[in-house]
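S.K.: Got a predicted structure here, sequence first:
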Amino acid sequence: MNEHHKSTHDLEIERSQVEAAKADPAKFNVLYEKYYKPIFVFIYRRTHDEDLTADLTANTFLKGMLSLKKFEWKGVPFSALLFRIALNEINLHFRKTNRQQVVSLDSTNLGAMIAEAGEKDSEDTRKLLMLALGKLNREELHFIELRFFEKRAFAEVGQILNMTENNAKVRTYRILEKLKTILIRAGGR
Amino acid sequence: MSDYKFDLNPKEPSDEQITRHKDFNKVLQNYQKMTRPLYKTPLYKNPKVFLWLFLILLVIYLVVEFGGESPETPPNKSDSMNAKIDTLKP
């Protein structure tokens, strides 16, 4: 079970917290306390700017509160909605400012990704993989970040990117195939 | 140039850094400001509504003051005849 997984009992508790917040916005505090850190870290990994992260996190929670009235419980953790809003906020910011988006990579996960792509792990392959990642579009990169660098289950990747678990899986493997092709071409094989 | 800047093994923010920015009251205040019905907001606190109201009143004033006047109507024929008769009276 990964760190992002929630049991049925956890989901039931969260459902009551969401219902309470719908009736009284001040009770959103419980969800705010619960998800402030994960959302902050999620945004920080993509901006590397503390003040900007604080602003985008505040906007994320404000928009989360505003969308609460329309929110229908479908057994998906409320955090999925918050992560989705956070991703939109990040995209919006980088589109507006035209700055380079930061992508945080972890060397261990980079190795795991190379193994998943069926390639041999070496310093050269890592360099090539980073070059190949730079050729992906923003949406494709979201899949890779969520799946390989944040170790989220496909179900959660789907919830965040608003699609089914199966679709998330298919898209991720297609992107991996694309990366593999870029790696092979760049490696001159 | 790539749209991304790759950072290998970056440092994550500390708990202290994160909690420094945590302020639910501010978020709640912004939420209340955004969801408060228009009629509950005093006019002076809502410059947009104030400006619109001012413009509407200005237009009404201009229409009443200058737009309502019709061009001078020519004197009625029967009135002028009556006036002539009056002058002929001894």
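M.R.: Looks like it arrived, so ask away.
S.K.: Now do the same for A:Val103: helix, strand or coil?
M.R.: With DSSP: H, G, I helix; E, B strand; the rest coil as the basis, A:Val103 sits in strand.
S.K.: is it true that it touches B:Phe6?
M.R.: Yes. Contact criterion Cβ atoms under 8 Å: A:Val103 and B:Phe6 qualify, at 5.2 Å. For every residue, glycine as well, the C-beta is placed using N, CA and C.
S.K.: which one of these two has more residues nearby?
M.R.: Legend: neighbour count by other Cβ atoms under 10 Å in any protein chain shown for A:Val103 and B:Phe6, higher for A:Val103 (24 against 17).
S.K.: Which pLDDT value does the model give A:Thr181?
M.R.: Here, the pLDDT recorded for A:Thr181 equals 87.
S.K.: ah, wrong one, I meant B:Pro47
M.R.: B:Pro47 is given a pLDDT of 79.
S.K.: what about it, distance to chain A?
M.R.: In this structure, B:Pro47 and chain A are 21 Å apart, going by Cβ to the nearest Cβ, to the nearest Å.
S.K.: Just give the number of residues close to that residue.
M.R.: 9.
S.K.: about what we covered before: what sits in contact with each of A:Val103 and B:Phe6?
M.R.: Common neighbours of A:Val103 and B:Phe6 (criterion: Cβ atoms under 8 Å, 6 or more residues apart in numbering or on different chains): A:Leu133.
S.K.: Dihedrals phi and psi, A:Ser122?
M.R.: Per-residue torsions, A:Ser122: phi -150, psi 170 (degrees, to the nearest 10).
S.K.: Other residues contacting the lowest-mean-pLDDT helix or strand in chain A?
M.R.: Within chain A, confidence by mean pLDDT, DSSP states H and E is lowest for helix A:107-116 among all helices and strands, at a mean of 84. By Cβ under 8 Å, 6+ apart, the surrounding residues in contact with helix A:107-116 are A:120-121, A:125-126, A:129-130, A:144, A:148-149, A:151, A:176, B:8-9.
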